[in-house]
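Colleague: Model the following, please.
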Amino acid sequence: MTSSPLRRAYFALVRRILRLWVRSETIRPESFELPASDAAIIYALPRTSASDLAVLAEECAKNGLPSPLDALRLGAFHEPDAVLFLTPSASWFGRRRRSSTPPVLVRLVNALSQGNLENALIVPVSVFWGQSPDRETSAWKLLFADTWAVTGRLRRLLSILMLGRKTRVQFSEPIPLKELIAQNKGNERTLRMVHRILRVHFRNQKAAVIGPDLSHRRTLVRGLLHHPQVRQAIAEETQREGIPLEKAEARALRYGNEIASDYTYSAVRFLETLLSWFWNRIYDGVRVNHVDRLQQSVAGYEVVYVPCHRSHIDYLLLSYLLFHNGLTPPHIAAGINLDMPLIGGMLRRGGAFFMRRSFKDKPLYTAVFNEYLHTLFSRGFPVEYFIEGGRSRTGRMLQPRTGMLAMTLRSYLRSSRLPILFVPVYIGYERVLEGRTYLGELRGASKKKESILDLFKVIGALRQRFGQVWVNFGAPLPLNDFLDQQHPGWRQQPAAEGFRPPWLNETTNRLAERIAQRINQAAAINPVNLVAVVMLSTRRLALDEHALQRTLDIYLELLRAVPYSDRVTLPEGNGAALIEQVGNMGMLAEQNDALGRIFYLDEPNAVLMTYYRNNVMHIFALPALLASFFQVNARIGREQILRFSRALYPYLRAELFIRWEDEELPTVIDQWLAAFVTQGLLKQDEQAYVRPDPSSREFVLLTLLSRVVMQTLQRFYMVTSLLLDHGQRGLDAEQLESLASVMAQRLSVLHGLNAPEFFDKSLFRQFIAGLRQQGVIRPDRNGRLIHQRKLGELTESVAKRVLPAEIRLSIRQIALDRTANRPPHA
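Modeller: Reported below is the predicted structural model:
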């Protein structure tokens, strides 16, 4: 481009003008480094562009890289510039020009083949105009940001004028040309191969930043009707409903329009601008962890983001952060209840596609939805959905709903261009935006449907302090690796009709469990949930300042000594700093007297704090279980600890999605026991462990820790007590679940338990399912439950070691009263 004197003068003028106006930055400059080598460095730009070259030259100077404007002189090889352009520029009005192999590339390959050049590294570079979502404020400017449309010189000029101060540059890993030459395919084939590698790379790079090139929505939706599965569903609808073919097709088209997003890049940019103001207005900051690992792992994959679901703003926040870090915002599966006037259209243009809560008795709708999802996967667009189905009102990970996962697996088994990578995401709030609504639901109020009026409630909430948000990206899960582990040889197994192999349901359930565990594996422990763990373990929901501070410090030391995973994050500061932060948010009340401050939870915060404690309860469950063994036992041998832990751990793991496999348990338990000894919470006497004196400060700390899991253990004991007292075949699963919930309500009144989730039916249902999975109970042909004969012995043996006598006797008494008073044949 700058070889002749006239062109050099033109380029020098362009560069000088651009330097006055354009402001550019490199995307993640720390992630790019040229290898130490004597090879010729040639930068590759996707199209001929003086403006792109000028920006590249500026960024190379900033980052200490060789300039693309320097002449290359290596032996007999000489080039006036160190840059090549893959395709010629379009005309002023966007008309494409005929493409050919760049002459620089031809000369490079010839020089390497003839031995006139030792080696050459081609560094692909992408320049994006208007890529600064954190500062953009003009919707008009967003219209000129980079898209997939062919950009003419006139539009590029307008883009520079509108967006020149918000330009980003992406350097990619160098391509060693010598290694490609070494394949001995001949110069012509090598040139085609290099050209193809660069073309594919630039297309993938652009897709990673602004999203794949999707067809117009109307074309895409109409195209769904021509796929064989949808055509078959239309024919079946015609026969089943007795309607004309045209009416069935119109119905399918209506379903497609109801489902499909209307993804528009300019709309996405506008939403990011609007939302960036919202985050900064509501929250004190958003902390993002492990995004660098994510950026390194997504290349070459069809990415499916699977975050936990705590708030309506989860998916907006995640899309914003992905975009901000140079990754494509995903298409997001949203409930049809969010397709409200105004809001639904905005979300649809931002990438949301809508789905009904139930597909039951709607085979045509199911076929259209499946085909739409398959189209997204086939075209390489990232997708996001919540495996919990809805928002967690209790703060804990909900039992996964496997519908979307099953559709994903069927789509992949049917056909795939790219392997699928599931990316778990943990989103943790110091104060969730819907806290007031959740408070009512935690107290027993019925769940409210979303309404456009809910948006106006946010305005009133702006006066509160919401603290910070943590977004932690978990360890990605490649679907191929998971299937290889679960079903070796699955690639050779022909899929059943409808791409439903016989192992699909079981594998989907296991996949859901694994993803839920990986979400929890990336949990963020923040000041609020850590204070909640401590305060809710006290009998009076109160603790003096020094005791609270000391307990928080001990917990932080334990968590550092035995990390739950390398993805879990801990709060900064010591116990005193955490108390101050939570107190400033108005979530911790205090009372002063002559001896100092006492912190306590008032009634609304006491209920709401159970939500935040549950965010991280899975991290504390195992150490709390170990601590509970020493509440009624002064001394326990290691083998007994392992035996009791193995008896209870499977149910804790199933309820809380804890990460450790059964075979890992002894090692992890030894680590926790060693940490207890280090902190003075236990003493070791050969192969046994001894608790501190019951009047000591250390025993109080051990007791507080044990109470974290106490309500879970109580629920377990209720279910087994009811099973035993009703005898073999005395109850079916539904009756057992209902009776256990009623018993829990009575117990909460008798013992003053301020935790409405204590009698949540879904938790009992989950535990009963766990008993069936472990083979402890099984239904007969009539659905009546049969339990193992050793259940009673095991239940009482373990309960005596983990539950206080008062609670244990209350549960037994309520169960006995229920069986004594039930009518005959009840």
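Colleague: Sketch out the low-pLDDT regions of the stretch 651-800 of the chain for me.
Modeller: Applying pLDDT under 70 to the stretch 651-800 of the chain flags the ranges 750-757.
Colleague: the strands in it, which residues?
Modeller: 683-685, 688-690, 777-779, 785-787 (DSSP state E, counting those that start in this stretch).
Colleague: Just checking: what are the partner strands of the third one?
Modeller: Strand 777-779 has its sheet partners listed here by DSSP bridges as strand 785-787 (antiparallel).
Colleague: The strand it pairs with: which residues count as buried?
Modeller: 785, 787 (16 or more other Cβ atoms under 10 Å). All C-beta spots, glycine's among them, are computed from the backbone N, C-alpha and C.
Colleague: ok, residues contacting that strand?
Modeller: Strand 785-787 is contacted from outside by 723-724, 728-733, 736, 776-780, using Cβ atoms under 8 Å, 6 or more residues apart in numbering.
Colleague: could I get the strands of the stretch 651-800 of the chain as TSV with distance to T507?
Modeller: Shown next, in TSV, are those (distance: least, Cβ to Cβ, whole Å):
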stretch	distance to T507
strand 683-685	43
strand 688-690	40
strand 777-779	23
strand 785-787	27
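Colleague: so of those strands, which one's packed in deepest?
Modeller: strand 785-787 (a mean of 19; mean count of other Cβ atoms under 10 Å).
Colleague: From the chain's centroid, how far away is stretch 709-727?
Modeller: Distance of stretch 709-727 from its chain centroid, counting by Cα atoms, centre = their mean, to the nearest Å, is 34 Å.
Colleague: repeat for stretch 332-340
Modeller: How far stretch 332-340 lies from its chain's middle: 19 Å, per Cα atoms, centre = their mean.
Colleague: any low-confidence regions in the stretch 101-250 of the chain?
Modeller: 130-165, 207-216.
Colleague: can you pull out the strands in it?
Modeller: Remark: strands assigned in the stretch 101-250 of the chain by DSSP E, counting those that start in this stretch are 120-129, 167-171, 175-176.
Colleague: Looking at these, which is nearest to R707?
Modeller: With distances scored as Cβ to Cβ, the stretch of those nearest to R707 is strand 167-171 (50.9 Å).
Colleague: So what touches the closest one?
Modeller: Here strand 167-171 has contacts from 22-27, 29, 32, 55-56, 59, 63, 65, 123-132, 205, 209, 326, using Cβ under 8 Å, 6+ apart.
Colleague: Which ones among those residues map onto helices?
Modeller: 55-56, 59, 205, 209 (DSSP state H).
Colleague: Show me how to select, in ChimeraX, the buried members of the residues you listed.
Modeller: Buried residues among the ones in helices among the contacts of strand 167-171 (16+ other Cβ under 10 Å), as a ChimeraX selection:
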select :55,56,59,205,209
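Colleague: Could I get the ones in helices among the contacts of strand 167-171 in JSON lines, plus columns for distance to Q581?
Modeller: Converted to JSON lines, the ones in helices among the contacts of strand 167-171 look like this (distance: Cβ to Cβ, whole Å):
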{"residue": "V55", "distance to Q581": "43"}
{"residue": "L56", "distance to Q581": "45"}
{"residue": "E59", "distance to Q581": "39"}
{"residue": "Q205", "distance to Q581": "41"}
{"residue": "V209", "distance to Q581": "36"}
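Colleague: Checking D481 next. Helix, strand or coil?
Modeller: What DSSP: H, G, I helix; E, B strand; the rest coil gives for D481 is helix.
Colleague: Backbone dihedrals for G596, both of them.
Modeller: Per-residue torsions, G596: phi 130, psi -160 (degrees, to the nearest 10).
Colleague: what do you get for the one 3 residues further on?
Modeller: In this entry, F599 is assigned phi and psi values of phi -100, psi 140 (degrees, to the nearest 10).
Colleague: for it, which residues make a bridge with it?
Modeller: L543, E590.
Colleague: Spatially, and excluding backbone neighbours, which residue is closest to G583.
Modeller: Leaving aside its chain neighbours, G583 sits nearest to E590 (6.6 Å; criterion: Cβ to Cβ, 6 or more residues apart in numbering).
Colleague: what would the strands of the stretch 101-250 of the chain look like in TSV with distance to T190?
Modeller: As requested, these are arranged in TSV below (distance: least, Cβ to Cβ, whole Å):
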stretch	distance to T190
strand 120-129	12
strand 167-171	24
strand 175-176	12
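Colleague: gap between the two ends of stretch 353-372?
Modeller: 10 Å (Cα to Cα, to the nearest Å).
Colleague: Now that stretch: average pLDDT?
Modeller: Average pLDDT, stretch 353-372: 91.
Colleague: Show residues contacting that stretch.
Modeller: The contact list for stretch 353-372, computed with Cβ under 8 Å, 6+ apart, reads 224, 227, 229-230, 232-234, 236-237, 248, 251-252, 255-256, 258-261, 331-339, 344, 348, 376, 403, 407, 410-411.
Colleague: So which of the residues you listed are in helices?
Modeller: Going by DSSP H, the helices hold 224, 229-230, 232-234, 236-237, 248, 251-252, 255-256, 258-259, 344, 348, 376, 403, 407, 410-411 from those.
Colleague: filter the residues you listed to the buried ones?
Modeller: So, by 16+ other Cβ under 10 Å, the buried ones in the ones in helices among the contacts of stretch 353-372 are 224, 229-230, 233-234, 237, 248, 251-252, 255-256, 258-259, 344, 348, 376, 403, 407, 410-411.
Colleague: can you tell me how far S415 sits from A367?
Modeller: S415 sits 16 Å away from A367, going by Cβ to Cβ, to the nearest Å.
Colleague: which one of these two has more residues nearby?
Modeller: A367 (23 against 10; other Cβ atoms under 10 Å).
Colleague: count of residues packed around R784?
Modeller: 15.
Colleague: Run a quick neighbour tally on the residue nearest to it when sequence neighbours are not counted.
Modeller: Once flanking residues are discounted, R784 sits nearest to R729: 3.9 Å by Cβ to Cβ, 6+ apart. R729: 14 surrounding residues under other Cβ under 10 Å.
Colleague: Next, the buried residues of stretch 566-583.
Modeller: 567-569, 571, 575, 578-579, 581-583.
Colleague: for stretch 519-529, that is, sorry about that
Modeller: The neighbour-count check on stretch 519-529 (16+ other Cβ under 10 Å) flags 519-529 as buried.
Colleague: Likewise for stretch 661-668?
Modeller: Buried, per 16+ other Cβ under 10 Å, within stretch 661-668: 665, 668.
Colleague: Over to stretch 617-633?
Modeller: Buried residues in stretch 617-633, counted by 16+ other Cβ under 10 Å: 617-631, 633.
Colleague: Can you tell me which of those lies closest to F599?
Modeller: Closest to F599 out of the buried residues of stretch 617-633 is F620 (19.7 Å), distances taken as Cβ to Cβ.
Colleague: Find the residue at the geometric middle of the protein.
Modeller: Note on the chain: the residue nearest the mean C-alpha position is V425, at 1.8 Å, using Cα atoms, centre = their mean.
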